[in-house]
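> got a sequence here, can you model it:
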Amino acid sequence: MTDTPLILWFRRDLRLSDQPMLAAAVATGRPLVALFILDPETEAIGAAPKWRLGLAWATFAKALRDVGLEPVFRRGPALDVLRSVLADTGADAVWWSRLYDPAAVARDTAVKAALKASAVEARSFNGHLLNEPWDVQTGSGGCYRVFTPYWRSVRGREMQAPAPTVRSARSLGERIASERLEDWHLGAAMNRGAAVVQRHQAVGEVAALDRLTAFLAGPVDGYGTMRDRPAVAGTSRLSENLTYGEIGVRGIWHAAMRAMQDGQAGAEGFLREIAWREFAYHLIHHSPEIATRNWRPEWDSFAWRGDNPQAERWRRGLTGEPFVDAAMREMYVTGTMHNRARMIAASYLTKHLLTDWRVGLAWFEDCLTDWDPASNAMGWQWVAGSGPDSAPFFRIFNPAGQAEKFDPDAVYRRRFVAELSAAPGPEARAFFEAAPRRWRLDPKAPYPEAVVGLAEGRARALEAYGARNS
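Modelled structure (predicted):
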């Protein structure tokens, strides 16, 4: 045991339970410094996730204080800030939980090398995933490129148990210079939308655990079918909390395994979706270009349209296709979007409108409070056809057909598209409160005509895909 302080650099691991880094640090008995750095990589994320990160930290700061740690907030390049805090505290070690997107990997690799060169211990932990991306390999020792064999590889693995919940921690015992979280105005770019979206957020570890408990107490049983019904509360809605590490994935996995063993019919399907998230990180580790370039190089010759007026109609939820518009408006009102609706909205943009998937990827990054760099990139490329999907390129979701199948009574569409109801509900009206003023939307305006006919858009996409393959 040593009295030399240890710096804990928190990023997307904002919880006290199932937190390997924090549990290991407390076990050392050393005085701890809980640090959050608003560095350029964090500053660069979109409006909604940055705002939601601020909410997460405001809640986690209280939790840290409850166990005896006063959070330290600093702004600047990560290495510069760490060196400053090392000097201020006399610490000789920095620990953090690993992240896997290209920007984070580049930053963390440089930080670790520089700290070690200065004789400072730099140690990273897995607090974000069940399996490290490099620990899951094919029989020949390579990475997986298709999800189904990846799932077969991980489904029977013995997953590590959650780390114990931290109840108390040893602090440094003296005040460390800190900026004020509220002075950073992390939600500034949300403008008036913040008040609308905040009504639908479940912030912090307690809220996340409550969500998991409620889901496993009932909805998980019908997850296999109900997860595709956007009008039904059939999913866990934990993506928001997983994004900021407000709940640990090991705890979710083991709880879902118990539900499956207890006979809950949909639990295995839920476990499969957890593995789908893991697969996204497997891919972004082995193929970091998936975040910015076509995962399948043969798609580099495809003539995607850049940003265009039709894409702007899509962004504003004014395509004239009710299922697509409901999806987009759900995102502005709640900060999230049902997964089935995400696929429909993404397919419409990339196929019916032949718009580059990166246009949609950037918009989701700006608007989703559950934005995840790996899942967002894989999801967009999977739908566009340029990514890790074994289905043929000509799979084109028909929004009308999908609506008939998954929203047969139009409950979801009416819930978010005010123009479809004589007396629209609060969430449909809230879209006009949350939308940017510069859009000059009129809630009394008639519903717009379709941007493109569904048959016409499908034919155009097939023609373009055919030309690429000729």
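> alpha carbons only: can I get stretch 214-233 in PDB?
Coordinates of each C-alpha in stretch 214-233 appear next as PDB, following Å, rounded to 0.1, in the frame of the first residue of the first chain:
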ATOM      1  CA  ALA A 214     -38.400  -3.300 -15.300                       C
ATOM      2  CA  PHE A 215     -37.500  -4.800 -18.600                       C
ATOM      3  CA  LEU A 216     -36.500  -8.200 -17.200                       C
ATOM      4  CA  ALA A 217     -39.600  -8.300 -15.100                       C
ATOM      5  CA  GLY A 218     -41.900  -8.400 -18.100                       C
ATOM      6  CA  PRO A 219     -41.200  -7.100 -21.600                       C
ATOM      7  CA  VAL A 220     -38.200  -9.400 -22.100                       C
ATOM      8  CA  ASP A 221     -40.600 -12.300 -22.400                       C
ATOM      9  CA  GLY A 222     -42.000 -11.000 -25.600                       C
ATOM     10  CA  TYR A 223     -38.800  -9.400 -26.900                       C
ATOM     11  CA  GLY A 224     -38.500 -11.700 -29.900                       C
ATOM     12  CA  THR A 225     -41.500 -10.100 -31.600                       C
ATOM     13  CA  MET A 226     -42.200  -6.900 -29.700                       C
ATOM     14  CA  ARG A 227     -38.800  -5.500 -30.200                       C
ATOM     15  CA  ASP A 228     -39.700  -4.700 -33.800                       C
ATOM     16  CA  ARG A 229     -42.900  -2.800 -32.900                       C
ATOM     17  CA  PRO A 230     -42.000   0.900 -32.400                       C
ATOM     18  CA  ALA A 231     -45.400   1.700 -30.800                       C
ATOM     19  CA  VAL A 232     -44.800  -0.900 -28.000                       C
ATOM     20  CA  ALA A 233     -42.600  -0.700 -25.000                       C
END
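> mind listing the strands for the chain?
Remark: strands assigned in the chain by DSSP state E are 6-10, 32-38, 72-75, 93-97, 121-125.
> mean pLDDT and mean neighbour count for these - can I get that in JSON lines?
Yep, even glycine has a C-beta here, placed from its N, CA and C like the rest. Below are the strands of the chain laid out as JSON lines (pLDDT from 0 to 100; neighbours: other Cβ atoms under 10 Å):
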{"stretch": "strand 6-10", "mean pLDDT": "98", "mean neighbour count": "25"}
{"stretch": "strand 32-38", "mean pLDDT": "98", "mean neighbour count": "24"}
{"stretch": "strand 72-75", "mean pLDDT": "98", "mean neighbour count": "20"}
{"stretch": "strand 93-97", "mean pLDDT": "98", "mean neighbour count": "22"}
{"stretch": "strand 121-125", "mean pLDDT": "98", "mean neighbour count": "16"}
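> relative to Trp382, which of the ones you listed is closest?
Nearest to Trp382, of all the strands of the chain, is strand 93-97, at 26.6 Å by Cβ to Cβ.
> restricting to C-alpha, output that closest one in PDB.
Extracted C-alpha coordinates of strand 93-97, given in PDB (Å, rounded to 0.1, in the frame of the first residue of the first chain):
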ATOM      1  CA  ALA A  93      -0.200   6.800 -12.000                       C
ATOM      2  CA  VAL A  94      -3.100   7.300 -14.300                       C
ATOM      3  CA  TRP A  95      -5.800   4.700 -14.900                       C
ATOM      4  CA  TRP A  96      -8.700   4.700 -17.400                       C
ATOM      5  CA  SER A  97     -11.300   2.400 -19.000                       C
END
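> contacting residues for Tyr100?
Residues in contact with Tyr100 (Cβ atoms under 8 Å, 6 or more residues apart in numbering) are His128, Leu129, Pro133, Tyr281, Ile284, His285, Ala374.
> you'd agree Pro20 is up against Ser124?
No - taking contacts as Cβ atoms under 8 Å, Pro20 lies outside contact range of Ser124: 10.4 Å.
> so what sits against both of the two?
Shared contacts of Pro20 and Ser124, defined by Cβ under 8 Å, 6+ apart, are found at Ser97.
> can I get the strands of the chain in JSON lines with distance to Gly234?
Shown next, in JSON lines, are those (distance: least, Cβ to Cβ, whole Å):
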{"stretch": "strand 6-10", "distance to Gly234": "33"}
{"stretch": "strand 32-38", "distance to Gly234": "35"}
{"stretch": "strand 72-75", "distance to Gly234": "38"}
{"stretch": "strand 93-97", "distance to Gly234": "31"}
{"stretch": "strand 121-125", "distance to Gly234": "34"}
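> relative to Cys367, which of those strands is closest?
That would be strand 32-38 among the strands of the chain, by Cβ to Cβ, at 20.8 Å.
> return the distance of the closest one from the chain's centre.
Its chain's average C-alpha position is 22 Å from that of strand 32-38, according to Cα atoms, centre = their mean, to the nearest Å.
> and it with strand 6-10, angle?
With axes from the mean of the first three to the mean of the last three Cα atoms, to 10 degrees defining the directions, strand 32-38 sits at 40 degrees from strand 6-10.
> ok, residues contacting strand 32-38?
Applying Cβ under 8 Å, 6+ apart, the contact partners of strand 32-38 are 5-11, 25-26, 57, 64, 69-76, 78, 81-82, 85, 89, 91, 169-172, 176, 181, 184, 186.
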